[in-house]
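Asker: Sequence first, then the predicted structure:
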Amino acid sequence: MGFTSFTREFNCQVSAARMFKALILDSHNLVPKLMPQVIKSIDIILGDGGRGSIKQINFSEGTYFKYMKNRIDVIDSENLMCNYTLFEGDMLVDKLESISYKIKFEPLSEEKCVCKVTSQYFTSHDFEFKEEQLRGAKERVVGMYKIVEAYLFENPAAYS
């Protein structure tokens, strides 16, 4: 099994607590509303959304993938961090065993934060990512966060 990892850090014009609530605690409700062209639904199929829970992300018609399942490994509301593992779905194909994500929101001020996302790709056999594949993965991670940030910025009472 191979291994590839990268970390993305980016600043947000929204507080760390609001980003955490929207993207981690309530993503199953918010993200499909903000991105219906990509995500049809996010269902909690095991647990209550906390540690050990499994969420199934169902992609919209016409997208490249059908679904994926994530397991919540760590969720820490006090420290605004979450770790989860993508362990099943057609996006893993035959090249990936799993993908683990470590997400942390750190306050920069009362109304701004930095989002740190570490993605760890556990590959099958001797598969190695090409730079353009990693670039695409990084852009998708930041893209979803920026959509949620824009929504929160435009709706200051949401997730307060």
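Answerer: It's in. All values reported here derive from a predicted model rather than from experimental measurement. Residues are numbered from 1 along each chain as shown.

Asker: quick one: Lys21 from Ser98, how far?
Answerer: In this structure, Lys21 lies at 26 Å from Ser98, with CB to CB, to the nearest Å as the measure. All C-beta spots, glycine's among them, are computed from the backbone N, C-alpha and C.

Asker: Next up, the contacts around the residue nearest to Asn29 when sequence neighbours are not counted.
Answerer: Counting by CB to CB, 6 or more residues apart in numbering, Ile42 is the residue found nearest to Asn29 once chain neighbours are left out, at 7.9 Å. For Ile42, the contacting residues are Ser27, His28, Asn29, Val31, Pro32, Lys55, Gln56, Ile57, Asn58, taking CB atoms under 8 Å, 6 or more residues apart in numbering as the criterion.

Asker: Make sure the fourth one is indeed in a strand.
Answerer: No. For Val31, which was evaluated using DSSP: H, G, I helix; E, B strand; the rest coil, the result is helix, with no strand membership.

Asker: tell me, how many neighbours does it end up with?
Answerer: Neighbour count for Val31, taken as other CB atoms under 10 Å: 21.

Asker: Which residue, other than its chain neighbours, is closest to it?
Answerer: Distances taken as CB to CB, 6+ apart place Ile39 nearest to Val31, at 5.6 Å, with adjacent residues excluded.

Asker: Show the pLDDT at that neighbour.
Answerer: Per-residue confidence at Ile39 stands at 95 (pLDDT).

Asker: For it, give me phi and psi.
Answerer: In this entry, Ile39 is assigned phi and psi values of phi -120, psi 120 (degrees, to the nearest 10).

Asker: That one contacts Leu30, correct?
Answerer: No. Under the criterion of CB atoms under 8 Å, Ile39 lies out of contact with Leu30, with a separation of 10.2 Å.

Asker: just to revisit the earlier point, would you mind telling me which of Lys21 and Ser98 has more residues around it?
Answerer: Taking other CB under 10 Å, Lys21 and Ser98 do not tie; Lys21 has more neighbours (20 against 16).

Asker: any chance you could map the helices in the chain?
Answerer: For the chain, helices defined by DSSP state H occupy the ranges 16-20, 27-34, 131-154.
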